[in-house]
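K.L.:
Have a look; sequence and predicted model below, questions after that.
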Amino acid sequence: RGYRTLSWAEIESLAKTWKSCGEKIVFTNGCFDILHVGHVSYLEKAAKLGKHLVVGLNSDASVRKLKGAARPLVHELDRARVLASLACVDAVVLFEQETPTELIEKIRPDVLVKGSDYKPEEVAGREYAGEVRIIDFEEGYSTTGVVEQIAQLVKEGIL
């Protein structure tokens, strides 16, 4: 109730305020569809790299482009609200684009974080960040894995 994501103008202004206070901003992005412990562990590690963690969240339309018509399973505002409720997350901002480069250009984070499925030189928006850090994912956790497990249980008539 009453929750909303920050607009691009709001996060740009907030980032400027944080920077003027000498506070380190960390940025990461993703779909975060069906939030699981792997996501939480990744976000906690990212948050430790600075004072404020900003999460760029793929809109429903951009998730569909990336992952196909069946995704996301959870609506963008619901994904945003769940993410924003995590103690390690300071702000959630939606983006429609294929990559978060334009959003990163507005925020200009000190640290840009991505998962170990990326190489630093492949990370979108890296030219607008102080540094790029790659964080290992926790083994055995993925939204796709959860979805496949549910589908298998339905197929077997267990669910």
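P.N.:
Looks like it arrived, so ask away. Residues are numbered from 1 along each chain as shown.

K.L.:
Gly140 and Val146: what is the separation?
P.N.:
As judged by C-beta to C-beta, to the nearest Å, Gly140 and Val146 stand 11 Å apart. C-beta here means a position set from N, CA and C on the backbone, and glycine is covered the same way.

K.L.:
Would it be right to say that Arg133 lies in a helix?
P.N.:
No - checked against DSSP: H, G, I helix; E, B strand; the rest coil, Arg133 lies outside a helix; its state is strand.

K.L.:
From what I see, it and Leu49 are in contact.
P.N.:
Yes - when contacts are counted by C-beta atoms under 8 Å, Arg133 is listed as touching Leu49 (6.0 Å).

K.L.:
In this structure Asp117 contacts Phe137, no?
P.N.:
Yes - using C-beta under 8 Å, Asp117 makes contact with Phe137 at a distance of 7.4 Å.

K.L.:
Compare the two and say which one has the larger neighbour count.
P.N.:
Phe137 (15 against 8; other C-beta atoms under 10 Å).

K.L.:
in stretch 131-142, what's buried?
P.N.:
132-133, 135 (16 or more other C-beta atoms under 10 Å).

K.L.:
now, which of the residues you listed sits nearest Asp60?
P.N.:
Nearest to Asp60 among the buried residues of stretch 131-142: Ile135, at 25.4 Å, using C-beta to C-beta.

K.L.:
Distance check, that closest one against Leu103.
P.N.:
Ile135 is 19 Å from Leu103, by C-beta to C-beta.

K.L.:
Name the nearest residue to the spatially most central residue of the chain, sequence neighbours excluded.
P.N.:
When C-alpha atoms, centre = their mean is applied to the chain, the residue found nearest the centroid is Asn29 (3.1 Å). In space, Asn29 comes closest to Gly56 once its chain neighbours are excluded; the distance is 3.4 Å by C-beta to C-beta, 6 or more residues apart in numbering.

K.L.:
In which helix or strand does that neighbour reside?
P.N.:
Per DSSP states H and E: Gly56 is located in strand 52-58.

K.L.:
Next up, the contacts around the closest residue to Lys67 other than its chain neighbours.
P.N.:
Among residues not flanking Lys67 along the chain, Cys31 sits closest, at 6.8 Å (C-beta to C-beta, 6+ apart). Cys31 makes contacts with 57-58, 63, 66-67, 71-72, 79, 143, as judged by C-beta atoms under 8 Å, 6 or more residues apart in numbering.

K.L.:
for Ala129, same thing?
P.N.:
27, 104, 108-112.
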